[in-house]
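Peer 1: What follows is a predicted structure for the sequence shown.
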Amino acid sequence: MGLHERRQREKESIRANILQAAFGLAKTEGWASLSMRKIADAIEYSAPVVYDYFENKEAILYEISINGFHCLHIELLKAQQKFETPEEQLTAIVDAYWDFAFKNKEYYQLMFGLGMQCSGKGQMKEEFSSFQDLIYECTFNIIKKNGSNPDNACHMSHALFSAVHGLISIMMMRNTDIPSTMNKTTLDETVSAFVKSL
């Protein structure tokens, strides 16, 4: 391995360590307490080294958000590919979205700006719309299969996205204030009623 390749690999390693340290700190201390200084301390480098790789904390958060959306997209596609009918696919996609949110709370909070400023606002349209695109596709296919008006697919899929994301957000941010009956069963009943309404 030449000197240039070695330096490039070292740079990639430091960059990955910065992102890993930032995510680790967020898991233990929360996103609000994250700072460039704490990240530098965690990787045992000086703060200027961190700034060599990322312009500011927002740039780090953006990179982590992109990774979160990528991980979510993979899980949604896996769920969709397990089933043939659009009804089963829709249920599986929503379940995968729910599971991702609660298994990866730090990612989800950052990706959607829960309890904090949204990272990369206006810069992640493709990544942000992955879930919406998949539920639109299923909704459209169900409506078409049922002989209903396909023009309603966009509005209906937006309504489902709002319901799913809203329930997750409430449970994640206000879990001590909501009744115990507001849980995964509520989501399942919502999706079932949604499919029947198409």
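Peer 2: Okay, I see it. Residues are numbered from 1 along each chain as shown.
Peer 1: which outside residues touch the helix or strand that Phe131 is a member of?
Peer 2: Taking DSSP states H and E as the definition, Phe131 sits inside helix 130-146. By CB atoms under 8 Å, 6 or more residues apart in numbering, the residues outside helix 130-146 that reach it are 69, 72-73, 76-77, 80, 86-87, 89-90, 93-94, 97, 149-150, 152-154, 156-158, 160-161, 195, 198. Bear in mind the C-beta positions are built from the backbone N, C-alpha and C, glycine included.
Peer 1: What residues of that helix count as buried?
Peer 2: Using 16 or more other CB atoms under 10 Å as the test for burial, helix 130-146 gives 130-132, 134-143.
Peer 1: ok, now stretch 31-50?
Peer 2: Neighbour-count burial for stretch 31-50, with 16+ other CB under 10 Å as criterion, is recorded at Trp31, Leu34, Met36, Lys38, Ile39, Ala40, Ala42, Tyr45, Val50.
Peer 1: so what's the fourth one up against?
Peer 2: Lys38 is in contact with Leu25, Glu29, counting by CB under 8 Å, 6+ apart.
Peer 1: do the last one as well
Peer 2: Residues in contact with Val50, defined by CB under 8 Å, 6+ apart, are Ile18, Met36, Ile39, Ala40, Ile43.
Peer 1: Could you export these to TSV, including columns for pLDDT, secondary structure and distance to Glu55?
Peer 2: Compiled in TSV, the contacts of Val50 are given as follows (pLDDT from 0 to 100; DSSP: H, G, I helix; E, B strand; the rest coil; distance: CB to CB, whole Å):
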residue	pLDDT	secondary structure	distance to Glu55
Ile18	96	helix	12
Met36	95	helix	10
Ile39	96	helix	13
Ala40	96	helix	15
Ile43	95	helix	17
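Peer 1: and of those residues, the nearest to Ser65?
Peer 2: Closest approach between the contacts of Val50 and Ser65, by CB to CB: Ile18, at 14.9 Å.
Peer 1: what about that closest one, how many neighbours?
Peer 2: 23 (other CB atoms under 10 Å).
Peer 1: list the contacts for it?
Peer 2: Ile39, Ile43, Val50, Tyr53, Phe54, Ile60.
Peer 1: Which pair of the contacts of Val50 spans the longest distance?
Peer 2: Greatest spatial distance among those (CB to CB): Met36 and Ile43, at 11.1 Å.
Peer 1: those helices in this structure, which residues are they?
Peer 2: With DSSP state H as the criterion, the chain has helices at 3-29, 36-43, 47-53, 57-81, 86-103, 105-112, 125-128, 130-146, 153-173, 184-197.
Peer 1: winner for burial among the ones you listed?
Peer 2: Highest mean neighbour count of those: helix 105-112, a mean of 21 (counted as mean count of other CB atoms under 10 Å).
Peer 1: and that helix, what other elements does it pack with?
Peer 2: Judged by 3 or more CB pairs under 8 Å, 6 or more residues apart in numbering; DSSP states H and E, helix 105-112 is in contact with helix 3-29, helix 57-81, helix 86-103, helix 153-173.
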